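Engineer: Fold the following.
(chains A and B)
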2 protein chains.
Amino acid sequence: MEKEVIVQKFGGSSVANIERMKNVARRVVVYKNKHTDVVVVVSALGDTTDELESMALQLNADPPDREMDMLLSTGEQISCALLAIAIKELGYEAISFTGRQVGIKTDKIHTKARIMTIDGKRINKAFKDDKIVIVAGYQGVTSNDDITTLGRGGSDLTAVALAKALRAKVCEIYTDVDGIYTADPRIVKEARKIKNITFDEMLEMASLGAQVIQARSIEVAKRFNIPLHVRSSFSKEEGTMVVKETEKMESIAVRGVTCNKNEAKITICSVPDKPGIAAKIFGEISKQGINVDTIVQNVPHDRLSDISFTVPKVDLNKAIKATQTIGNKIGAGEVLEDRNIARVSLVGSGMRSHSGIAAKMFKTLADEKINIGMISTSEISVSCIIGQDLADKAVKALHKTFKLETI
Amino acid sequence: MEKEVIVQKFGGSSVANIERMKNVARRVVVYKNKHTDVVVVVSALGDTTDELESMALQLNADPPDREMDMLLSTGEQISCALLAIAIKELGYEAISFTGRQVGIKTDKIHTKARIMTIDGKRINKAFKDDKIVIVAGYQGVTSNDDITTLGRGGSDLTAVALAKALRAKVCEIYTDVDGIYTADPRIVKEARKIKNITFDEMLEMASLGAQVIQARSIEVAKRFNIPLHVRSSFSKEEGTMVVKETEKMESIAVRGVTCNKNEAKITICSVPDKPGIAAKIFGEISKQGINVDTIVQNVPHDRLSDISFTVPKVDLNKAIKATQTIGNKIGAGEVLEDRNIARVSLVGSGMRSHSGIAAKMFKTLADEKINIGMISTSEISVSCIIGQDLADKAVKALHKTFKLETI
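Structural biologist: Residues are numbered from 1 along each chain as shown, chains lettered A, B, ... in the order given. Model (predicted):
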């Protein structure tokens, strides 16, 4: 009978130093003992990636992407070799591989490559030799034999893609938190760990600020229905299962409240109310590679309207510049910025069948005297942009209104 | 017309920090401007290799060789990517490659692999694109696609092997000294930089303690007659050329004086004077992978003799143990150790045609009242083992006797 395969991914904080590396080794062999074939995907140790990146930027303010991939991919190669060395010390056979060595082929878009195919040959050979397989996360190779990386958080993607290729029963994502919570426990002390969450909900939570798993890897897990288990490398407790939606899961309208303080709002005033204007503005901004989120256009007044939208704070200066450029061209008014905003969101696939969630959210915020600047909704989420200083208060109130502490 | 190719190797101290890396980049582009195709081989930054090794040893006192190669090869990958990034900043096209990417195929002896073949395809392609090529030193790949390393100092070997494969006119070895000297300038202030030295002399100097180039890479350079230029990355002065012997070079009897303080002496007393005894002793020691150097056996007395030999200090404890084991078996007496020794040597291919060098050496030491413990000779060198505290005095006196300051 074929053994079951399990993929375990350990993030940078889980392998940040020698003691933690030993801890991971001890965890891994426990699974090996359960008559399971184990593939471990590791990120770079602690801040290695940041340190390498900083060296590159000291040499060249605009380092070439191909060379950055050559450079940054070493971080994961170091940690996978070290983990294999640590596991061997415990008396188990282990072998480490780079992304290339396990045949992770990607496209040629350096620093954010996409996985095209995975050839699991060397892994299956290692399984036959009864070895624990350690794979360097975050990297692959092009058809030209150049090393690529998969973007920040790319080790999650490596893990999910390997889980798919090896038909793993589960992909465990080990991190420094012990699961997904109904709200940030640092803000809401009654926050509960969520036992089961759907891929869609997790995707919303990830894009709304819960930075536990990379969004793209959740999409891949959803497409191939690979259950993810988000859990802590420092405790043995079960974490949160990210799974396909079941009917039962829909009975709960709201799964959690998220809060994102990393956005800023731009307002371009007195925009002439002509067809195609919005396309011009957002075309210019997207040319800069900036993701615009919520967009709101005021009702026009004298054939002029204000348009507001949010962008990640890190892109604010670039976005302001692009907006001013296009604003001048189309004869719009001044461009304003507001860094003091927060996005507070409710997420839950039950929203599809439960009505009145948004109305209840607005009422809760109104009761707390919190002014709503912008609103946006998706099929399974409602977001309000509010003042950043009121964000924690809003999260606490919403957590209470929707009785998330009782789920 | 085909351009000339030059290979430049920069050691770890030459790229130890950001400023030095920039310095190397500036040196490299000067050669590119001379209408030359340039291949740069880099070692790991400063102490990176030692740091990675130390992490591995904290996880496992006996880390597996394959994983060590996976781990340690990252050091050179980091520096070659950083150098390419630094060169691009200067407005030149550069591309970095791992040993594998330029087709450096090795045997499967991890941590001390030997290069089997080099396929220069990617390098020639990069030359056609007018790019400066940066290659990670010290590494290759097996036919199984496993990463190997070439042993300490292996970046020299990468450089020489690439120079051979690409028919380079010269292989420059950049280091933190500006050439090979007639003696260590820290000991003899009159020491002169040697302009030209033969491969054989350089080999003797390397094995006798002048740790500027890895011995194996000198052998390869000799076999394929690739001129080496040993020079400093911190100055523009010419260094020392290591070349094929010419008649003119033979006119000088002694090229230099070396001194090695890293050996220790072991004496096994009262060894029964029977055939095959020496083979037993040194067979046991070589089984431990220890290189024995000078061996001296006393004239037997009562069918018993003392045997003395030298080993590297780092192997002393292991060697003592092995000697005691075999000593007990063959009924020999006690085993003594002496760490307080130094090997002082004269090197010169002119020794082949000049006689009386050894006698003059012994007389010089006698005049200085320095007792000679052991003597060994090769075709182009004479070595004396003396007390370590007298070594500097001996080197100074020999440098004077053979008028090396006037060469």
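
Engineer: Give the residue spans of the stretch 201-350 of chain A that score low on pLDDT.
Structural biologist: A:208-210 (pLDDT under 70).

Engineer: Next to chain B, which bits of the stretch 101-250 of chain A? Give me the list.
Structural biologist: Within the stretch 101-250 of chain A, the residues that sit near chain B (C-beta under 8 Å from any C-beta of the partner chain) are A:Gln101, A:Arg122, A:Asp145, A:Asp146, A:Ile147. Any C-beta I mention is one placed from the backbone N, CA and C, and that applies to glycine too.

Engineer: List only those of those flagged as buried.
Structural biologist: Burial by neighbour count, 16 or more other C-beta atoms under 10 Å in any protein chain shown: within those this picks out A:Gln101, A:Arg122, A:Asp146, A:Ile147.

Engineer: Now do the residue nearest to A:Gly99 when sequence neighbours are not counted against A:Leu157, distance only.
Structural biologist: Nearest-residue entry for A:Gly99: A:Gln139, 3.7 Å, with adjacent residues in sequence omitted and distances by C-beta to C-beta, 6 or more residues apart in numbering or on different chains. Using C-beta to C-beta, to the nearest Å, we find A:Gln139 at a distance of 10 Å from A:Leu157.

Engineer: still on that earlier bit, show me the contacts for the residue nearest to A:Gly99.
Structural biologist: Each residue near A:Gln139 by C-beta atoms under 8 Å, 6 or more residues apart in numbering or on different chains is listed here: A:69, A:73, A:76, A:98-100, A:104, A:147-150, A:154, A:158.

Engineer: Just the buried ones among these, please.
Structural biologist: If we count by 16+ other C-beta under 10 Å, the contacts of A:Gln139 have these buried: A:69, A:73, A:76, A:98-100, A:104, A:147-150, A:154, A:158.

Engineer: I'd like these laid out as TSV, including secondary structure.
Structural biologist: Formatted as TSV, the buried ones among the contacts of A:Gln139 follow (DSSP: H, G, I helix; E, B strand; the rest coil):
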residue	secondary structure
A:Asp69	helix
A:Ser73	helix
A:Glu76	helix
A:Thr98	coil
A:Gly99	coil
A:Arg100	coil
A:Ile104	strand
A:Ile147	strand
A:Thr148	strand
A:Thr149	strand
A:Leu150	coil
A:Gly154	helix
A:Thr158	helix
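
Engineer: Mutual contacts of A:Gln139 and A:Leu157, please.
Structural biologist: Counting by C-beta under 8 Å, 6+ apart, the contacts common to A:Gln139 and A:Leu157 are A:Leu150.

Engineer: helix, strand or coil for A:Met116?
Structural biologist: With three-state DSSP as the criterion, A:Met116 reads strand.

Engineer: List the contacts of it.
Structural biologist: Contacts for A:Met116 were tallied using C-beta under 8 Å, 6+ apart; they are A:Lys105, A:Thr106, A:Asp107.

Engineer: Neighbour-wise, give me the winner out of these.
Structural biologist: With neighbours set by other C-beta atoms under 10 Å in any protein chain shown, the maximum within those is found at A:Thr106, which has 26 neighbours.

Engineer: what pairs with it across the strands?
Structural biologist: Beta bridges link A:Thr106 to A:Ile115, judged by DSSP bridges.

Engineer: I'd assumed A:Leu203 was in a helix, is it?
Structural biologist: Yes - remark: A:Leu203 belongs to a helix, assigned using three-state DSSP.

Engineer: from what I can see it touches A:Lys222, true?
Structural biologist: Yes - in this structure, A:Leu203 is within contact of A:Lys222 by C-beta atoms under 8 Å, at 7.2 Å.

Engineer: The two - which one has more neighbours?
Structural biologist: A direct count of neighbours by other C-beta under 10 Å for A:Leu203 and A:Lys222 places A:Leu203 higher, at 23 against 20.

Engineer: Now for that one: which residues touch it?
Structural biologist: Neighbouring residues of A:Leu203 by C-beta under 8 Å, 6+ apart: A:Ala215, A:Ile218, A:Glu219, A:Lys222.

Engineer: now swap in A:Val311 and tell me
Structural biologist: With contact taken as C-beta under 8 Å, 6+ apart, A:Val311 is in contact with A:Glu263, A:Ala264, A:Ile266, A:Ile285, A:Ile290, A:Asn291, A:Val292, A:Asp293, A:Ala319.

Engineer: Sort out which one of these lies nearest B:Asn17 for me.
Structural biologist: B:Asn17 lies nearest to A:Ile290 out of the contacts of A:Val311, by C-beta to C-beta, at 35.1 Å.

Engineer: Distance of the closest residue in space to the closest one that isn't next to it in sequence relative to chain B?
Structural biologist: In space, and not counting its chain neighbours, A:Ile290 is closest to A:Asp315: 4.4 Å by C-beta to C-beta, 6+ apart. With distances taken as C-beta to the nearest C-beta, to the nearest Å, A:Asp315 is found 24 Å from chain B.

Engineer: Kindly tell me how buried A:Asp315 is, as a neighbour count.
Structural biologist: The number of residues packed near A:Asp315 is 18, by other C-beta under 10 Å.

Engineer: Let's test this: what are the backbone torsions at it?
Structural biologist: In terms of degrees, to the nearest 10, the main-chain angles of A:Asp315 are phi -100, psi 0.

Engineer: residues touching it, list them.
Structural biologist: A:Gln288, A:Ile290, A:Asn291.

Engineer: Give the burial count for the first one, as a bare number.
Structural biologist: A:Gln288 is flanked by 12 other residues according to other C-beta under 10 Å.

Engineer: okay, the buried ones among the contacts of A:Gln139 in JSON lines with pLDDT and distance to A:Arg303 next?
Structural biologist: Listed next are the buried ones among the contacts of A:Gln139 as JSON lines, based on pLDDT from 0 to 100; distance: C-beta to C-beta, whole Å:
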{"residue": "A:Asp69", "pLDDT": "98", "distance to A:Arg303": "50"}
{"residue": "A:Ser73", "pLDDT": "97", "distance to A:Arg303": "54"}
{"residue": "A:Glu76", "pLDDT": "97", "distance to A:Arg303": "56"}
{"residue": "A:Thr98", "pLDDT": "98", "distance to A:Arg303": "60"}
{"residue": "A:Gly99", "pLDDT": "97", "distance to A:Arg303": "55"}
{"residue": "A:Arg100", "pLDDT": "97", "distance to A:Arg303": "59"}
{"residue": "A:Ile104", "pLDDT": "97", "distance to A:Arg303": "55"}
{"residue": "A:Ile147", "pLDDT": "98", "distance to A:Arg303": "54"}
{"residue": "A:Thr148", "pLDDT": "98", "distance to A:Arg303": "49"}
{"residue": "A:Thr149", "pLDDT": "97", "distance to A:Arg303": "49"}
{"residue": "A:Leu150", "pLDDT": "95", "distance to A:Arg303": "47"}
{"residue": "A:Gly154", "pLDDT": "94", "distance to A:Arg303": "47"}
{"residue": "A:Thr158", "pLDDT": "97", "distance to A:Arg303": "53"}
